[in-house]
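S.K.: Return a 3D structure for these sequence lines:
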Amino acid sequence: MTAVDFAAFVDDLATLSGTAIMPFFRTTLAAADKSRGGMFDPVTEADRAGEAAMRQMIKRTFPSHGIIGEEYGDERTDAEFVWVLDPIDGTKAFISGLPMWGTLIGLTRHGEPCYGMMHQPFTRERFTGDGGFARWRGPTGERTLRTRACESLGDAILSCTSPRMFRGAELEAFERVEREARLARFGCDCYAYCMLAAGLIDVVIETDLKPYDIVALAPIVTGAGGVVTTWSGESAAKGGAIVAAGDPRLHEKVLKLLNA
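M.R.: A predicted model of the protein is given here:
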C-alpha cells in the first residue's frame, strides 16, 4: 500500500476523533498540568478521548502498524508504517474556547512522514498532504493548497506558537529573524503551518517539538511547495527545533540567520 491508499481511512479517523472531542469544546473542562513545574502544559479528557478512539480504530484495522501518540505513548515504532497522533494540538487554545487548535494525524513509512492531516472539527476544515500535493476541504468546498513566493524576509509574515518557547541562544536566533520580518503573529499552533501551506503565512519557527507536533504537518507543507526542516537543515520527522517556509529561497535565508 502507498500513503495515498490510507487517505479514506484518515478521513474516518478524523471523523471519529472529532466526534469524541467536540462535546468537550467550550465547556467548563478541567485541565491537568503535564509540565512538572515547567511552562504550563495542559491535558484534558478531550485529548485522551480523541487519542483513545483513534488508537482503537488503528489497532483494529491495521494491527501490524505502529503508533506514536502524545497521551498514550509508543507502540511498535519499528513497524514499516507508524501512525503519529496529537488529538488536540493547541490544548491551551482549546481550554480557552479559541478555535486555533486541530487534530493531527500523521503517517510515517520507514521513519519518514508520508501523509498527514490537520482536522479542525469546529470550523469543519481538513488540511491534507502527502509531500506531492496538499488540499483544503471545508464547508464551502475544496481547493489545492500552494505556498506563495516570498524571497525577502522583509516581506514575510512570521509565526510561532509563543516566543516564550525559546531560551538563551535560541531566543537570540529567533529574534534575529523576527526583527527582519514584516509581521509576526503568535498563538496559532498547527494552524500556522496550514496557513503557510495556503499561502497566507511565509515562515514558522519553533523549538522543542515532539514528533506528534510536526509529522502530520510536514507532508502538508511540502505538498504545497514549502520546505520544513530542523534548524540544522535535517529531517523534521523527530521534532526538535523546526523551521518551515513557503519559499525555498526564504527557508535558506532564515536558516542562515538562525545559525549566524
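
S.K.: mind checking which helix or strand of this protein has the lowest mean pLDDT?
M.R.: Lowest mean confidence among the helices and strands of the chain (mean pLDDT, DSSP states H and E): strand 32-33, at a mean of 62.

S.K.: Report the mean per-residue pLDDT for stretch 238-246.
M.R.: Across stretch 238-246, pLDDT averages out at 97.

S.K.: go on, stretch 60-70?
M.R.: In this model, stretch 60-70 has an average pLDDT of 96.

S.K.: Dump it to PDB, keeping only the CA atoms.
M.R.: Provided in PDB are the C-alpha atoms of stretch 60-70 (Å, rounded to 0.1, in the frame of the first residue of the first chain):
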ATOM      1  CA  ARG A  60      -8.500  -2.900  14.800                       C
ATOM      2  CA  THR A  61      -7.800  -2.100  11.200                       C
ATOM      3  CA  PHE A  62      -4.000  -2.300  10.900                       C
ATOM      4  CA  PRO A  63      -2.800  -4.500  13.800                       C
ATOM      5  CA  SER A  64       0.800  -4.600  12.400                       C
ATOM      6  CA  HIS A  65       1.200  -0.800  12.300                       C
ATOM      7  CA  GLY A  66       2.900   1.200  15.000                       C
ATOM      8  CA  ILE A  67       1.500   4.200  16.900                       C
ATOM      9  CA  ILE A  68       3.100   7.200  18.500                       C
ATOM     10  CA  GLY A  69       0.700   9.400  20.500                       C
ATOM     11  CA  GLU A  70       1.000  12.300  22.800                       C
END
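
S.K.: quick one, domains of this protein?
M.R.: With domains defined by automatic domain parsing, the chain comprises 3-144, 153-258.

S.K.: The last one: how far from the chain's middle?
M.R.: On the basis of CA atoms, centre = their mean, to the nearest Å, domain 153-258 sits 11 Å off its chain's mean C-alpha point.

S.K.: So for stretch 187-200, what gets flagged as buried?
M.R.: 187-199 (16 or more other CB atoms under 10 Å). All C-beta spots, glycine's among them, are computed from the backbone N, C-alpha and C.

S.K.: With secondary structure and pLDDT added, can I get these in JSON lines?
M.R.: Below are those laid out as JSON lines (DSSP: H, G, I helix; E, B strand; the rest coil; pLDDT from 0 to 100):
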{"residue": "Gly187", "secondary structure": "coil", "pLDDT": "93"}
{"residue": "Cys188", "secondary structure": "coil", "pLDDT": "93"}
{"residue": "Asp189", "secondary structure": "coil", "pLDDT": "95"}
{"residue": "Cys190", "secondary structure": "helix", "pLDDT": "97"}
{"residue": "Tyr191", "secondary structure": "helix", "pLDDT": "97"}
{"residue": "Ala192", "secondary structure": "helix", "pLDDT": "98"}
{"residue": "Tyr193", "secondary structure": "helix", "pLDDT": "98"}
{"residue": "Cys194", "secondary structure": "helix", "pLDDT": "98"}
{"residue": "Met195", "secondary structure": "helix", "pLDDT": "98"}
{"residue": "Leu196", "secondary structure": "helix", "pLDDT": "98"}
{"residue": "Ala197", "secondary structure": "helix", "pLDDT": "98"}
{"residue": "Ala198", "secondary structure": "coil", "pLDDT": "98"}
{"residue": "Gly199", "secondary structure": "coil", "pLDDT": "98"}
